[in-house]
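Visitor: Below: sequence and its predicted model.
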Amino acid sequence: MSSKKAGGKLLIGVDVLDYGRAISQGSQAAIEQASWLAHISGATLTLLYSHHKRPSNPIFEQQAIADVADKLIKRKLQVEVVVCEDHPSDAMTDRAQAGEADMLFVGKRNRVEGAATTL
């Protein structure tokens, strides 16, 4: 593989567990896959969280996502966080169709083996 960085935009759908203080295992797997690709390609990561139709505790949810973003930034990755109220699949596909993502990553809810999928 060439050492030249290609760049790009990777969008990761992030699932915060119901108690709002942690990221699901599936989302963690998707974040790890996307961060690996961002590291070798120079791509920017966008963490997208939607609290569509769900009781939420925004303070805890935002902190859980901010903690993940901080860890990625410490790994010298470029990270953006998006929080919205749209349906998660709509939010992700709308951003991709608008050219704001080159690749989408999602995780299976609370699954460990085979936990992430690249779309």
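Guide: Happy to help now that I have it.
Visitor: Tell me, how many residues neighbour Ala96?
Guide: 16 (other Cβ atoms under 10 Å). Heads up, the C-betas are built off the backbone N, CA and C, glycines and all.
Visitor: Where does the closest residue to it other than its chain neighbours fall, secondary structure wise?
Guide: Distances taken as Cβ to Cβ, 6 or more residues apart in numbering put Leu104 closest to Ala96, at 6.0 Å, once the chain neighbours are dropped. Assigned by DSSP states H and E, Leu104 belongs to strand 103-107.
Visitor: Is the residue nearest to Ala96 bridged to anything, and to what?
Guide: Leu11 (DSSP bridges).
Visitor: Surely it is in contact with Ala91?
Guide: No. Applying Cβ atoms under 8 Å as the test, Leu104 and Ala91 come out as separate, 10.7 Å apart.
Visitor: Now do the helices in this structure.
Guide: 25-41, 58-74, 88-97 (DSSP state H).
Visitor: so of these, which one's packed in deepest?
Guide: helix 25-41 (a mean of 20; mean count of other Cβ atoms under 10 Å).
Visitor: any idea of the angle that one forms with helix 58-74?
Guide: 30 degrees (axes from the mean of the first three to the mean of the last three Cα atoms, to 10 degrees).
Visitor: any idea how far helix 25-41 is from the chain center?
Guide: 8 Å (Cα atoms, centre = their mean, to the nearest Å).
Visitor: between that helix and strand 103-107, how big is the angle?
Guide: Going by the same axes, to 10 degrees, helix 25-41 makes 150 degrees with strand 103-107.
Visitor: mean confidence score for helix 25-41?
Guide: Mean pLDDT, helix 25-41: 95.
Visitor: Now do the strand holding Leu104: which elements does it pack against?
Guide: strand 9-13, helix 25-41, helix 88-97, strand 116-118 (3 or more Cβ pairs under 8 Å, 6 or more residues apart in numbering; DSSP states H and E).
Visitor: switch to 7 Å and redo it
Guide: Here strand 103-107 touches strand 9-13, helix 25-41, strand 116-118, going by 3 or more Cβ pairs under 7 Å, 6 or more residues apart in numbering; DSSP states H and E.
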